[in-house]
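[1] Curious how this folds, go ahead:
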Amino acid sequence: MIVACPHCAGLNRFPASRLGQAPVCGKCRLSLFTGSPVDITIENFANLVQKSELPIVLDFWADWCGPCQSFAPTFAQAAREFEPGLRFGKINTETQQQLAAQFQIRSIPTLMLLHKGQVIAQLAGALPKQQFYQWLQQHRSAISQQMEQ
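    Just a heads-up that it's a prediction; the model follows:
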């Protein structure tokens with residue numbers, strides 16, 4: 001399995017069975033899993049979203065967006081609870097306009113579940129914690145199928 005480092009975006013290869021064993025990056029030697037969302041930028045997007053074999057949940061947001069701000073703690077808690085099975089990333093649509101345009105973001109917050117750069121599921125709007133977790137659980141089978149390919 002190839003997993004990108006949330007710190008340096010370096011690509012690391014190791015057996016999927018080692019996901020829960022606190023692996024560290026071979027490049028920067030920091031933990032591959034932090035239990036918190038990663039800031040996704042145009043510079044680290046390719047490695048963290050497209051090349052990494054770990055599914056990623058993206059939150060497209062902006063500082064001025066009230067629903068984005070109120071959803072942020074739920075998203076952060078999900079990162080703590082679902083990592084290392086899923087990576088969680090945040091894309092600020094104001095500073096990362098190229099990524100927002102690439103994904104045709106029309107409203108925020110927008111949530112997307114991707115695997116190897118392919119969108120598996122998408123949802124517009126902030127959700128209460130229970131509904132967000134249900135959405136994640138609903139797509140677990142799709143995630144598993146994508147990881148087997």
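
[2] Could you identify the longest helix within this protein?
    Longest helix in the chain by number of residues (criterion: DSSP state H): helix 66-82.

[3] what helices or strands is the helix or strand hosting Val57 leaning on?
    In the assignment (DSSP states H and E), Val57 maps to strand 56-61. For strand 56-61, the packing partners by 3 or more Cβ pairs under 8 Å, 6 or more residues apart in numbering; DSSP states H and E come out as helix 66-82, strand 87-92, strand 110-115. Where C-beta positions appear, they are placed from N, C-alpha and C, glycine not excepted.

[4] related to what we said a few turns ago, just the buried positions in the longest helix of the chain, please.
    Neighbour counts over helix 66-82 (16 or more other Cβ atoms under 10 Å) mark 68, 71-72, 74-79, 82 as buried.

[5] again with stretch 101-108
    Those would be 103, 105, 108, for stretch 101-108 by 16+ other Cβ under 10 Å.

[6] Can you tell me what sits against it?
    60-62, 65, 67-68, 93, 110, 112, 119, 124-125 (Cβ atoms under 8 Å, 6 or more residues apart in numbering).

[7] and the helix or strand where Trp135 lies, what other elements does it pack with?
    For Trp135, the host element (DSSP H and E) is helix 129-138. Helix 129-138 is packed against helix 66-82, strand 110-115, strand 118-124, with contacts defined by 3+ Cβ pairs under 8 Å, 6+ apart.

[8] how about these in CSV, adding distance to His7?
    Output for the helices and strands packed on helix 129-138, formatted as CSV (distance: least, Cβ to Cβ, whole Å):
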stretch, distance to His7
helix 66-82, 15
strand 110-115, 20
strand 118-124, 25
